[in-house]
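Student: just the structure for this:
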Amino acid sequence: MTAGRLGRRLLLAATPVLMLGVLELGLRLSGRPRGTYRPYFRLLAARGAVQELVHLHQPSRTESLKMFADPYKYTLHINSLGLRGREVRRVPEPGIFRIVCIGDSITDGMYVSDPYSFPGQLHGMYQESGRPVEVLNVGQPGAGIHKEVDLLSAIGLPLFPSLVILTFVTNDLFDAAESLDRSFEAPPARGTDAEPFLEAVVAGTAIGEWLMDQLLERQSSKERRTEILELSHVQGGEDQLDLEENGTKRGAEFVINCRKFRERHRVSDDKVVNDVLPAEVLSLWETHRLGLEIFVEQARRAEVKVAVAFFPAYPQIYEDPPGCAIQALLEEECGRLDVPFLDLTDDFRAQRDQVLHYAPIDFHLNRRGNKVLAEALMNHLDASGLVPR
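Tutor: From the prediction side, this is the model:
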């Protein structure tokens, strides 16, 4: 083989690598990777006694994330402990009653800027009232009960809380399906990552993060993508702030949005938001119930109180009747475990004339909805005597 032919073959073989390198460089110049997906990989399954703190987010940074479509952004402020929100000490100061909120994207405050997640607003309410109470956000988008057990052990308990609030969302039962093949009693070895290669690609490279963004966008329904496109003509500014505070222009179409919620979540939440639960849901409930029992046991071993807050799905706020079979099961289980059950359904239904979500684009809470949740929690916590006055 001649030197020229060998050179051409080597150049041909190297071309894809060079193209990937150029694409990676270009994406990095645009600010990627932002670390958006790193929290999904960094949580270690460290269950049991209080242990060394694990970072939920990459510490000490400010990040602007895309809400639904450019130019809509929301801002995360990550402190040195890897938590959303203000800077805090790992060990609370003497006399401070610390509350740790654990849950999924509702607790995390997806699509609202700091400090407008409900843990952030709840903390602000206590500060304004002059009470020595602080609230920390340990929410992780996509978390089910199996991950929430991990969040408690690896992150929540090492923060030395006086009270842990576990938020239940109707899709938690389907997130619990991930637990069916995983024993709560046999966690993976501490100090190892479950998916190191996937983390390196998705969270560590600009190309991997960009591809994951594209994949998630393609998974959105056609109807949702149409709704998103209708926002694309707005160029930020006050319109952006108005969206985060008040929701979308179609947010008040409550009946239509309930139908869209059930259609969009027909394989998950729609099966839960009823007065009679199908066998599939009852089976998933048993998995969730086991995880909840372990969650409470771990907290009690650390001498930390637990309360369970029920966050109502969209139809449970705007439909009549609200379909509350799952609440009855959860309340009964909390009674068996001697854990306060804070049902927020009536609190949200009292505000059902307000636009509290990003519906019909998305059914996460806007700033106003997060405020309703924070106010409801504060009232329930005071009524139950869980937080000292």
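Student: drop to CA atoms for contacts and neighbour counts, all remaining ones
Tutor: Fine.
Student: so what pairs up with the nearest residue to D114 once chain neighbours are set aside in the strands?
Tutor: If you skip the residues right next to it in sequence, D114 has L76 as its closest partner in space, 5.7 Å away by C-alpha to C-alpha, 6 or more residues apart in numbering. Bridge pairing for L76 (DSSP bridges) gives the partners E63.
Student: N370 contacts D114, correct?
Tutor: No - with contact defined as C-alpha atoms under 8 Å, N370 does not reach D114; the gap is 11.4 Å.
Student: which parts of the helix or strand encompassing E286 are buried?
Tutor: Element membership of E286 [criterion: DSSP states H and E] is helix 279-301. Using 16 or more other C-alpha atoms under 10 Å as the test for burial, helix 279-301 gives 281, 284-285, 287-289, 291-292, 294-299.
Student: what do you get for stretch 364-382?
Tutor: When burial is assessed from 16+ other C-alpha under 10 Å, stretch 364-382 yields the following buried residues: 364-378, 380-381.
Student: give me the contact list for that stretch.
Tutor: Under the contact criterion C-alpha atoms under 8 Å, 6 or more residues apart in numbering, stretch 364-382 has outside partners 106, 109-112, 116-119, 121-122, 243-247, 309, 342, 344, 347-348, 351, 355-358, 387-389.
Student: for I99, grab phi and psi.
Tutor: Geometry field for I99 lists phi and psi as phi -110, psi 130, criterion degrees, to the nearest 10.
Student: going forward, the N-terminal residue is numbered 14.
Tutor: All set: I'll call the first residue 14, so the last point we hit is now I112.
Student: what's across from it in the sheet?
Tutor: Each beta-bridge partner of I112 is listed here, defined by DSSP bridges: V148, L176.
Student: which residue ranges of the stretch 264-402 of the chain form helices?
Tutor: Secondary structure of the stretch 264-402 of the chain, counting by DSSP state H, counting those that start in this stretch: helices at 267-277, 282-285, 292-314, 327-331, 338-350, 358-362, 380-397.
Student: which helices and strands sit right next to the shortest one?
Tutor: Meaning helix 282-285. Using 3 or more C-alpha pairs under 8 Å, 6 or more residues apart in numbering; DSSP states H and E as the contact test, the elements touching helix 282-285 are helix 267-277.
Student: roughly how far is the helix it packs on from the heart of the chain?
Tutor: Relative to its chain's centre, helix 267-277 lies at 22 Å (C-alpha atoms, centre = their mean, to the nearest Å).
Student: swap in stretch 330-344?
Tutor: For stretch 330-344, the distance from its own C-alpha centre to the chain's C-alpha centre is 22 Å (C-alpha atoms, centre = their mean).
Student: so, low pLDDT: which residues of the protein?
Tutor: Applying pLDDT under 70 to the chain flags residues 14-17, 19-21, 23-24, 48-66, 83, 189-208, 229-237, 243-252.
Student: list the buried residues of the helix ranked longest in it.
Tutor: Longest helix of the chain, by residue count under DSSP state H: helix 16-42. By neighbour count, with 16+ other C-alpha under 10 Å as the criterion, the buried positions of helix 16-42 are 37, 40.
Student: output the contacting helices and strands for that helix.
Tutor: Secondary structure elements in contact with helix 16-42, counted by 3+ C-alpha pairs under 8 Å, 6+ apart, are helix 219-232.
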